[in-house]
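K.L.:
Using only what follows, build the 3D model:
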Amino acid sequence: MSRKPRLSRRVARVKAFHVMELLARARAAEAQGRDIVHMEMGEPDFPAPPAVVAAAHKALEQDLTHYSPALGLPQLREAISGFYLHRYGLEVASHRIIVTPGSSGALQLVMAALLDAGDEILMPDPSYPCNRQIATALGARTIMIPASAETAYQPSPSNVSAAWTERTRALMLATPSNPCGSVLDLNALKSLSNAARAGGGHLVVDEIYHGLTYGIDLPCALEADEGAYVINSFSKYFGMTGFRLGWLVAPSESVPAFERLAQNLFISASTLAQHAALAAFEPDTIELLEQRRLEFGRRRDFLLPALRELGFGIPRVPEGAFYIYADASRFTEDGEAFAHELLDKTGVVITPGIDFGSHQASHHVRFAYSSSLPRLEEGVNRLHKFLRAGG
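P.N.:
The predicted structure is shown next:
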């Protein structure tokens, strides 16, 4: 007789992605031969840059497959430091840079370092769900600050101050954000940093969509707060999702603590992926990535007016990432049921808003323009026929 495993109370509080059920059903439909238009995936459809792939092959041929130092290959940390100087004009010492298994590894390090059980971290609602689930897994609490189009889907300093308690340890932001594509300028970052510091806490900023902006250049949060914890990734702008590689910039005095955590939580990031990532900063690679960014901009400029014409409410133009967060209340008050209906009847997959929080989430959905323009056009055509017919 099998015995039911006794799991921790923490793991029971960690929620699954609702969209993963939709994705599993979509994959099953594809396996049966059905054509599915993916507008849910937060993954660039482009392959990894050729120079990155070539560097991975070379590293494999040279048997560069052993453990790296816990903080990352020194030459990659230097390359990331050079990237900050070239891209932002910032001198970020390489010893402050910690290479991690994806940005998720960086998130785990930051939250393990800053939060004890029962501590609080503030985040905007809506925001990327894994952020709060990692905090939950560590026994901490996430306090969600309602954000809407009126505040560019970002919290205001007064919201932060009002939500701050004696148990609050950090404020976490994302710019560009997921799911809204909203951004924070330098003044906003400074004001929010001041609000966190006034409470005796820290600023944590997710910058994994930096580089994917359209018509604007973003400041790095380190320009507003040199002591901020800044997370980035090779997955989005650099198009290396499956390599599972990210990084964290931390204040110098906290690096030894992060090194201890990294040694114990994952030993090191993939050595093969780190050698491949060295090619991500080559001029030819950056030129290719910029061409891809322009293509994402063309996709946004097609999908945004098309969705508005269909009747979705999109009051703000997303300035970054590759998402559009849309009010679907003209069609439904249950975005999850609506997403399932779209998959069943149109073969279009989108993400329900409830994955990103609770504030006005039930009638919101997220569209990703990470698929090719012809596939987006096909998706819009299917939505048009379905909605015109009244569902």
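K.L.:
Show me what secondary structure element comes after the lengthiest helix in the chain.
P.N.:
Ranked by number of residues, the top helix in the chain under DSSP state H is helix 283-310. Going down the chain from helix 283-310, the next helix or strand is strand 323-327, by DSSP states H and E.
K.L.:
Determine how far that following strand lies from the middle of the whole chain.
P.N.:
Offset of strand 323-327 from its chain centre (CA atoms, centre = their mean, to the nearest Å): 15 Å.
K.L.:
Can you identify the element that follows it toward the C-terminus?
P.N.:
helix 335-346.
K.L.:
rewinding a little: quick check: which helices or strands does the longest helix of the chain pack against?
P.N.:
Applying 3 or more CB pairs under 8 Å, 6 or more residues apart in numbering; DSSP states H and E, we find helix 283-310 packed against helix 50-61, strand 323-327, helix 373-388. Glycine gets a C-beta too; all of them are placed from N, C-alpha and C.
K.L.:
Return the most buried member of these.
P.N.:
Among these, strand 323-327 has the highest mean neighbour count (mean count of other CB atoms under 10 Å), at a mean of 25.
K.L.:
could you give the mean pLDDT of it?
P.N.:
Across strand 323-327, pLDDT averages out at 98.
K.L.:
now the angle from that strand to helix 335-346?
P.N.:
Here strand 323-327 runs at an angle of 110 degrees relative to helix 335-346 (axes from the mean of the first three to the mean of the last three CA atoms, to 10 degrees).
K.L.:
helices or strands up against strand 323-327?
P.N.:
Applying 3+ CB pairs under 8 Å, 6+ apart, one finds that strand 323-327 contacts helix 283-310, strand 364-368.
K.L.:
Where do the helices of the stretch 51-200 of the chain begin and end?
P.N.:
74-88, 102-114, 129-137, 157-163, 186-198 (DSSP state H, counting those that start in this stretch).
K.L.:
For Met240, which of the helices and strands packed on strand 323-327 is the nearest?
P.N.:
For those, distance to Met240 was read as CB to CB. The smallest value, 10.5 Å, belongs to helix 283-310.
K.L.:
hmm, back to that, mind putting the helices of the stretch 51-200 of the chain in CSV, mean pLDDT and mean neighbour count included?
P.N.:
Converted to CSV, the helices of the stretch 51-200 of the chain look like this (pLDDT from 0 to 100; neighbours: other CB atoms under 10 Å):
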stretch, mean pLDDT, mean neighbour count
helix 74-88, 98, 17
helix 102-114, 97, 23
helix 129-137, 94, 20
helix 157-163, 97, 16
helix 186-198, 97, 18
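K.L.:
Looking at these, which is nearest to Leu222?
P.N.:
The closest of those to Leu222 is helix 74-88. By CB to CB, the value is 7.6 Å.
K.L.:
Put the alpha carbons of the closest one into CSV.
P.N.:
Provided in CSV are the C-alpha atoms of helix 74-88 (Å, rounded to 0.1, in the frame of the first residue of the first chain):
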residue,chain,number,x,y,z
PRO,A,74,35.6,35.2,-14.4
GLN,A,75,35.8,36.1,-18.1
LEU,A,76,32.0,36.1,-18.3
ARG,A,77,31.6,38.3,-15.3
GLU,A,78,34.1,40.7,-16.9
ALA,A,79,32.1,40.6,-20.2
ILE,A,80,28.9,41.5,-18.3
SER,A,81,30.8,44.3,-16.6
GLY,A,82,31.9,45.6,-20.0
PHE,A,83,28.3,45.3,-21.3
TYR,A,84,27.1,47.7,-18.5
LEU,A,85,29.8,50.2,-19.5
HIS,A,86,29.0,50.0,-23.2
ARG,A,87,25.2,49.9,-22.9
TYR,A,88,24.6,52.3,-19.9
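K.L.:
Can you show me the strands along the stretch 101-250 of the chain?
P.N.:
120-125, 141-146, 168-174, 202-206, 229-233, 246-249 (DSSP state E, counting those that start in this stretch).
K.L.:
now those in JSON lines, with distance to Arg96?
P.N.:
Formatted as JSON lines, the strands of the stretch 101-250 of the chain follow (distance: least, CB to CB, whole Å):
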{"stretch": "strand 120-125", "distance to Arg96": "21"}
{"stretch": "strand 141-146", "distance to Arg96": "26"}
{"stretch": "strand 168-174", "distance to Arg96": "18"}
{"stretch": "strand 202-206", "distance to Arg96": "14"}
{"stretch": "strand 229-233", "distance to Arg96": "10"}
{"stretch": "strand 246-249", "distance to Arg96": "5"}
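K.L.:
quick revisit: mind checking the helices and strands packed on helix 283-310 for the one nearest to Glu282?
P.N.:
Distances from Glu282 to each of the helices and strands packed on helix 283-310 were compared using CB to CB; the minimum, 5.5 Å, belongs to helix 50-61.
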